[in-house]
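Enquirer: below is the structure, and that's it, no one-letter string:
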Ligand SMILES: Nc1ncnc2c1ncn2[C@@H]1O[C@H](COP(=O)(O)OP(=O)(O)OP(=O)(O)O)[C@@H](O)[C@H]1O
Ligand SMILES: Nc1ncnc2c1ncn2[C@@H]1O[C@H](COP(=O)(O)OP(=O)(O)OP(=O)(O)O)[C@@H](O)[C@H]1O
Ligand SMILES: [Mg+2]
Ligand SMILES: [Mg+2]
């Protein structure tokens, strides 16, 4: 049917896949850091929603995407702050609190959106692009990869930076120790609480930024429940990355592109039920796990509270 | 830091330190003083409160009462960080390495206080410096979790010394995993550090170490300080004399019974053990092989046999395949090759429960992580290997009275100190957990038992009790295979001693006077490489 | 929020001729979606006003377990319940049978049962046919796009009608269809992403069907140059500040609800189903100032022919039928 | 006597305080939205609890939730993070709804009920086997695998209902409807169906299984310490598979109960996502079956009553998400204070609490005293 080789078309597909991948990339990157420090954020999708909503409000009212993104970070981090206070400081159950945060975020953003924007349904307009000169001229790939909003490049760079920080800095060392054996970190004179709190805030801020990107670039407006369960997919990506941050890029792009592939197949006339296409990435990962099963490693103290001196 | 140690006042003083845990007064108005340039040995039976006291010093616990003075000034040590800032370095009893990090990363953990980029170059320099000092033989990039326990302990010591300018070094049973050579290194290093003006606290259960290394000795009992020996008291007395005094302080009037134990500690030498009747070959392993894996030592061609009534020891530096061998015998691991025979029956393909039902038992060295489930009570742990069996379970449902009655029997017979059999086992002290494990494995009709470091971390009295149980059981026809890193203990206990090195049995010797050197030689040898293997068999 | 008392005391209140004094409507999502739910809630309110009776509105009731709400409304004073989602069409007849309160349901032709339940459906393909004509006459690239949020009967019906209408103008015209996901009704970002792909593939008219996701489709259209959007069910003109809304296939439930209430009065409710179509005004095409007069009069002609039966609009309930129709071209 | 009254009073207080706190905060929010919180709550409890019809609805809603809770308890007690409940539930539901009509024709009501329930349990259980074996044999973390199997399960359920199970009737893809009279029988002239009894039995059975039987103890030991399990001669792979399959089977059965008790048919894209709601409940009940039972019923009351109250107050039912979230937060916080102060167990009657209390546990000792706390890491990495 369609001209598969049309440059614009391929560009749109790859770009679409990337746009879908970016929220997952940020959220999973943040979650990876928190998990390395021993905090499991089941409420990751909640941080994304909070970030998405506040980013929408700010961008709409100020017209500035950058302020919107910043607001997304702040809102996501605020959600994570609740998590940090209750689970890191007070040692409450991470799963319970995570789900509670998710529910409150879903309900509250939907209510607020209903109260303020349901009638007017404002949209944010076309997002700006921060093109990389030169690279942009490459056919297909140039347009799709190098003419994206700056947040895309920042996200990809950030994955490598986070990888480096975790491996090569004292902060990274502390984070890894906090998730693996918090008593060792404590004995070394570093506060487990502070380390885990920062890591959790990092998860919140990054997930919030992912949410902000979703509304500003991905959707152009906010609708309730806009994250559509991508919080859980991000958790899966973070876990599959096994502590190596750059792998979140692979995971996020795999999931993002699978959405584009579904569209592409339809447009070239392959009439396959979307159910199959959307199951595909999960099936692929399961098959890979079955065939090459290896100990998938999660930090030993993940989701466990740390109480000094407890027997 | 070259002040004359004797003239200066104490560097650190503890006054009236009190610390209670639910139901236990772990420290009761304890005083302690540390002087620069001295090693202060801290002794006491299991559960006496030694670790609690030093945990207060290192900021892990806050005392309920009492004060701490540093150079005469009252200080509050409310976190490990505060302790580190005062220059107090600690090697904890339970290792605190992060297994997934490399040795170097473990050493650098928190060391700079900052959050910035790691300075690998200078860290490697410091590592090399300390490695020379302590004579370690692993690389700085090795994963901490993959090292043998003894090596991990060396890393811990390096960690405590890592910060230059430490004033106080606390060592909680640092030698429990060290080889004799390692101990020698440590001893030399302590001398060196003392000269540098460091104050050292040394906790140990080995009296000879306390006497040899300590300039001052303090003994705790049931949370109280029951006595101490100043440098003057220590000087010019014989080791056995000192041991007797310390033992008396530790255990009070019953100390007399422990003469033998003290002797083992003070003068490691083969003692005249009564000859036991040897029966048929009870346990035989042939040509066992196992592939090495992360944290697992490979085995090749391991063969051994133990007769009924015989105690066979396995000597060797920790981490040379002893644990893997024990697990293969117990059925917790599958060998790549080879077989395990119990009274000529091939049990290689049987599971743990079937082997256990046939009288093959294994006392693990990992009492808390493997031998017991900390969150279950004493009674459930007593029947841990009999779950589902009559009379404790009928029709799949639990019969609590039967279980309690059985557990009470074990507790009585092995003198396990516990408030009741319904007490969560994690709150028991190490020695008492060990007694329960032994009681559990001796119950029923054991025919062959593998003991993995059965006295590790136990106080002299409990250790002697354990050895006595093994002897008695062997006297009654049990085949015992005792794994230990302490040659004296094996010499004291065994009829025959095999030596393991790098996953192989490098030789076997009959227990006879002067056997220690031969064992020492075999420990560094490779099988079939010059040293006559199996001189006895 | 209306009063939950039994209708007994105020039944005569506004109008003597209304056969019932209170009815209720249950809708799956919020009544402000510029689509299915909003149209339904507004129509119900309008009907209640006109007849002078009470209406209890239960929007945002979700799709999952609707029986408690239906039962509560049926036993709480409503004498007629509109179960305004095809997802309710198996539970509602059960509840109606148990409580004796008649229910109007969607897309389950089997469920007509006198006095109990009656089925409603739309001939929305008729309106979509007109939209297809409009699109074909408006396109400059000769390529039309259809974006649907899910594999939904109504979306399939309208897709088929759209293709047929477009081909009636230009048999050679290219049409392509893309679905967001299995249940992408609210997937705004997905709507935008898929629509962008369709536009990139050359379509300059996008016929978009999906609830929350249609706001994403609209976004993609707004961001592109010279692309127009045709919406369904509701009228998004109030939020179309860029002027890209070409038209919409409007659904109006008012007449349907009124007929049903009248039939309850006559005792004929449930004997046969209801259908929205061009003839009864339940389906119509939104006129905007983007449409030139010539085109609009062509559309009116076609509309009359459809009503008269001179034009047969294909009925494609399954996506495979739509795909087949598209591939014929 | 007096002491007993005080004790009961205290634990009731502890159970009630978080709910009250959540209601107060929510009330402020409602007032900010211009609604009267008192009317809202009066409506909510009236409908969900005090009014007989509404209370029955609450009980009906609790039936599938109880089965999910039972399934989750088994897995969580064994430290297996079965987060794939939605997939297991939907597959159970889809197969039940898809097969019930023809089974009904061929065999009649009771055989149909029994066979579909058995099939739902089989498929729910089977759906956990890959995560179980990957975990038991290779240590692959089961959070990832169960979540992914859940996404796949949801897809498969949809594919089934759009394909082989699809009814001939036009309209949305769904299965044929099982007529109301041929679903679960209703109990004693109420609307409550047999599914509630099944849920009740399941959760009580799980209670006995986990606290009284050798199999339950084995699973708990595996959960508390995989190394100890190996040492004690338990077969971790076998136990992992048993616990996982049991968990999946109960959750699959829950899907079946939802169809046979409430829905009568399965529609494409049906997904009530009950799992997410039940997970925090069983954790708050500290994986205790009796406590979970109480919490599930409380939450069913809030859901049923809240839907009605929200409509009366003319706010969207999103307020319920907020209310439930707040309740979870406050329950967790109060639980924390309780443990710190050594107060009685929060959500269970005192006499039950006494029996549940960890043997010899001394009040304090952290939130999880006596309850093996699942660790997420594949296995607590020991010192070697
Ligand atoms: N965190 C804790 N909670 C409860 N009881 C504790 C705790 N830590 C120690 N205890 C108890 O306090 C007492 C002193 O324990 P401590 O560890 O100080 O003994 P120790 O002298 O170091 O013994 P060992 O020689 O076995 O190491 C013991 O009875 C122990 O059971
Ligand atoms: N070693 C084991 N590991 C895991 N599950 C087991 C084990 N042994 C038994 N089970 C499970 O527990 C159930 C109850 O077992 P039962 O108490 O009969 O034990 P058993 O195998 O007969 O033990 P024994 O051989 O000691 O009598 C068995 O049906 C099985 O499902
Ligand atoms: Mg100690
Ligand atoms: Mg049996």
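Expert: Everything's here; your move. Everything numeric in this text was worked out from a predicted model, so none of it was measured. Numbering: from 1, shown residues only, chains lettered A, B, ... in the order given. Ligands and ions are numbered 1, 2, ... in the order given.

Enquirer: wait, does stretch B:380-400 contact ligand 2?
Expert: Yes - among the residues of stretch B:380-400, B:388-389, B:393, B:396 lie within reach of ligand 2 under Cβ under 6 Å from any ligand atom. The way it works is simple: take the backbone N, C-alpha and C, and place the C-beta from them, glycine included.

Enquirer: out of these, which are buried?
Expert: B:388, B:393 (16 or more other Cβ atoms under 10 Å in any protein chain shown).

Enquirer: so which of the residues of stretch B:380-400 next to ligand 2 belong to helices?
Expert: Taking DSSP state H, every one of the residues of stretch B:380-400 next to ligand 2 sits outside helices.

Enquirer: how about the residues of stretch B:380-400 next to ligand 2 in TSV, adding distance to residue B:128 and pLDDT?
Expert: Output for the residues of stretch B:380-400 next to ligand 2, formatted as TSV (distance: Cβ to Cβ, whole Å; pLDDT from 0 to 100):
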residue	distance to residue B:128	pLDDT
B:388	55	88
B:389	56	87
B:393	58	91
B:396	60	83
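
Enquirer: contacts only, for residue A:249.
Expert: A:25, A:156, A:159 (Cβ atoms under 8 Å, 6 or more residues apart in numbering or on different chains).

Enquirer: phi and psi next, for whichever residue of the stretch 51-200 of chain D sits closest to chain C.
Expert: Of all residues in the stretch 51-200 of chain D, residue D:171 sits closest to chain C, at 3.4 Å by Cβ to the nearest Cβ. The phi/psi pair for residue D:171 (degrees, to the nearest 10) reads phi 100, psi -160.

Enquirer: state the number of residues packed around residue B:94.
Expert: Using other Cβ atoms under 10 Å in any protein chain shown, residue B:94 has 12 neighbouring residues.

Enquirer: I meant to write residue A:64 there.
Expert: The burial count for residue A:64: 12, using other Cβ under 10 Å.

Enquirer: name the nearest residue to it, ignoring sequence neighbours.
Expert: Closest residue in space to residue A:64, ignoring its immediate chain neighbours: residue A:58 at 7.6 Å, by Cβ to Cβ, 6 or more residues apart in numbering or on different chains.

Enquirer: I figured that neighbour hits residue A:65, correct?
Expert: No - Residue A:58 is beyond contact range of residue A:65, at 9.4 Å (criterion: Cβ atoms under 8 Å).

Enquirer: for chain C, what spans make up the helices?
Expert: Under DSSP H, chain C gives helices at C:36-51, C:67-75, C:91-99, C:124-138, C:153-169, C:188-200, C:213-223, C:254-266, C:293-308, C:319-328.

Enquirer: quick check: angle from the fifth one to helix C:293-308?
Expert: Read that as helix C:153-169. For helix C:153-169 against helix C:293-308, the angle by axes from the mean of the first three to the mean of the last three Cα atoms, to 10 degrees is 120 degrees.

Enquirer: report all helices and strands that helix C:153-169 contacts.
Expert: Judged by 3 or more Cβ pairs under 8 Å, 6 or more residues apart in numbering or on different chains; DSSP states H and E, the packing partners of helix C:153-169 are helix C:124-138, strand C:143-148, strand C:174-179, strand C:205-209, helix C:319-328.

Enquirer: and these, which is most packed in?
Expert: strand C:205-209 (a mean of 30; mean count of other Cβ atoms under 10 Å in any protein chain shown).
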